[in-house]
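Novice: can you look at this prediction? I've put the sequence above it.
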Amino acid sequence: MGRRDDSGPISPEIGPSALGEVLLAPEEAEASAGPGTKAAVLLALYGWPEKPGLILTERRADLRRHAGEISFPGGRQDPGDADLVVTALREAEEEIALDPKVVELSGALPAVSTFVTNYRVHPFVGLVPDPLELGLEPNPSEVETVLTISLESLRSAYEMRRLVRRGVPIRTPTYEVEGQLIWGATARILGDFLERVG
């Protein structure tokens with residue numbers, strides 16, 4: 001959701017300077033570590049605020065974990081990572097060749113947990129140039145495709161669904177865009193982000 005002020009309703013538009021006001025400070029987000037293996041993802045936001053969209057990945061179908069799923073670039077924290085921001089930027093560079101130097105960090109979102117793999121995923125939001133200027137390349141060992149999806153398309157794609165995973169039925173938020181189904185932790189992160197930015 002947008003910011004609320006004394007003049008009344010929530011403002012529908014948030015400019016670049018105000019984006020950080022609806023997000024958590026990175027250090028505040030990291031402080032809420034909680035149980036589980038620490039991991040981080042990057043919500044690489046382009047076209048903000050006029051025509052905003054996010055960069056996501058379709059993971060390879062033959063991976064051991066989260067095979068074929070749509071996710072934000074990211075992964076587990078390495079011992080050498082100074083903090084989880086470094087993890088998110090490093091993983092984005094490894095997975096889609098996104099240069100960390102072009103990412104303008106805006107803030108973070110509350111961490112979410114994955115149910116099957118017991119990861120505690122810390123999402124960070126960063127402004128990036130137009131994806132066509134970035135020369136993004138999927139890492140062939142991990143990523144099938146790099147996806148760019150507008151926030152408008154994502155907002156209109158929301159639906160609560162009943163999915164069956166490993167024989168267990170779950171009711172979960174989903175976003176289906178052009179045949180790509182976003183669900184699980186990625187959908188929960190996305191839902192929080194869309195609510196905050198209005």
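Specialist: Looks like it arrived, so ask away. None of the values given here were measured: they were computed from a predicted structure.
Novice: only C-alpha atoms for contact and neighbour calcs from this point on.
Specialist: Fine.
Novice: the most centrally placed residue in the chain: helix or strand, and which one exactly?
Specialist: Centroid-nearest residue in the chain, with CA atoms, centre = their mean: residue 43, separated by 3.8 Å. According to DSSP states H and E, residue 43 maps onto strand 37-46.
Novice: and that strand, what does it pack onto?
Specialist: Judged by 3 or more CA pairs under 8 Å, 6 or more residues apart in numbering; DSSP states H and E, the packing partners of strand 37-46 are strand 53-59, strand 74-76, helix 84-96, strand 119-127.
Novice: in it, what counts as buried?
Specialist: 38, 39, 40, 41, 42, 43, 44, 45, 46 (16 or more other CA atoms under 10 Å).
Novice: what's stretch 149-160 in contact with?
Specialist: Identification of contacts with stretch 149-160 by CA atoms under 8 Å, 6 or more residues apart in numbering yields 51-56, 171-177, 194.
Novice: did I read that right, residue 115 in a strand?
Specialist: No. Secondary structure of residue 115 (DSSP: H, G, I helix; E, B strand; the rest coil): coil, not part of a strand.
Novice: tell me the pLDDT at it?
Specialist: For residue 115, the model assigns a pLDDT of 74.
Novice: how many neighbours does it have?
Specialist: The local packing of residue 115 (other CA atoms under 10 Å) involves 10 other residues.
Novice: before we move on, the earlier item: avg pLDDT for the strand holding residue 43?
Specialist: Rounded mean pLDDT across strand 37-46 is 96.
Novice: would you map the strands across this structure?
Specialist: 37-46, 53-59, 70-71, 74-76, 104-108, 112-113, 119-127, 143-150, 158-165, 168-177, 180-182 (DSSP state E).
Novice: CA atoms only for the second one, dumped as CSV, please.
Specialist: This means strand 53-59. The C-alpha trace of strand 53-59 is given here as CSV (Å, rounded to 0.1, in the frame of the first residue of the first chain):
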residue,chain,number,x,y,z
GLY,A,53,8.3,-4.0,-13.7
LEU,A,54,10.3,-6.7,-12.0
ILE,A,55,13.0,-9.1,-13.2
LEU,A,56,12.3,-12.8,-12.4
THR,A,57,13.8,-16.1,-13.4
GLU,A,58,12.4,-19.4,-14.5
ARG,A,59,14.6,-22.1,-12.9
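Novice: could you pull out the buried residues of that strand?
Specialist: In strand 53-59, counting by 16+ other CA under 10 Å, buried: 53, 54, 55, 56, 57, 58, 59.
Novice: again with stretch 77-87
Specialist: 77, 84, 85, 86, 87.
Novice: same question for stretch 20-39.
Specialist: Applying 16+ other CA under 10 Å to stretch 20-39 flags 20, 21, 22, 23, 24, 25, 26, 29, 30, 33, 38, 39 as buried.
Novice: just the CA atoms of it, as PDB, please.
Specialist: Only the C-alpha atoms of stretch 20-39 are listed here, as PDB (Å, rounded to 0.1, in the frame of the first residue of the first chain):
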ATOM      1  CA  GLY A  20      12.300   3.600   0.600                       C
ATOM      2  CA  GLU A  21       9.600   5.000   2.900                       C
ATOM      3  CA  VAL A  22       7.300   2.100   2.300                       C
ATOM      4  CA  LEU A  23      10.100  -0.500   2.600                       C
ATOM      5  CA  LEU A  24      12.200  -1.600   5.600                       C
ATOM      6  CA  ALA A  25      15.800  -0.500   6.000                       C
ATOM      7  CA  PRO A  26      18.100  -3.400   5.000                       C
ATOM      8  CA  GLU A  27      19.600  -3.600   8.500                       C
ATOM      9  CA  GLU A  28      16.200  -3.700  10.100                       C
ATOM     10  CA  ALA A  29      15.100  -6.600   7.800                       C
ATOM     11  CA  GLU A  30      18.300  -8.600   8.500                       C
ATOM     12  CA  ALA A  31      17.700  -8.200  12.300                       C
ATOM     13  CA  SER A  32      14.500 -10.300  11.900                       C
ATOM     14  CA  ALA A  33      16.500 -13.400  10.900                       C
ATOM     15  CA  GLY A  34      14.500 -16.100  12.600                       C
ATOM     16  CA  PRO A  35      15.100 -19.800  12.200                       C
ATOM     17  CA  GLY A  36      16.200 -21.500   9.000                       C
ATOM     18  CA  THR A  37      19.000 -21.300   6.500                       C
ATOM     19  CA  LYS A  38      19.600 -17.700   5.600                       C
ATOM     20  CA  ALA A  39      19.000 -16.700   2.000                       C
END
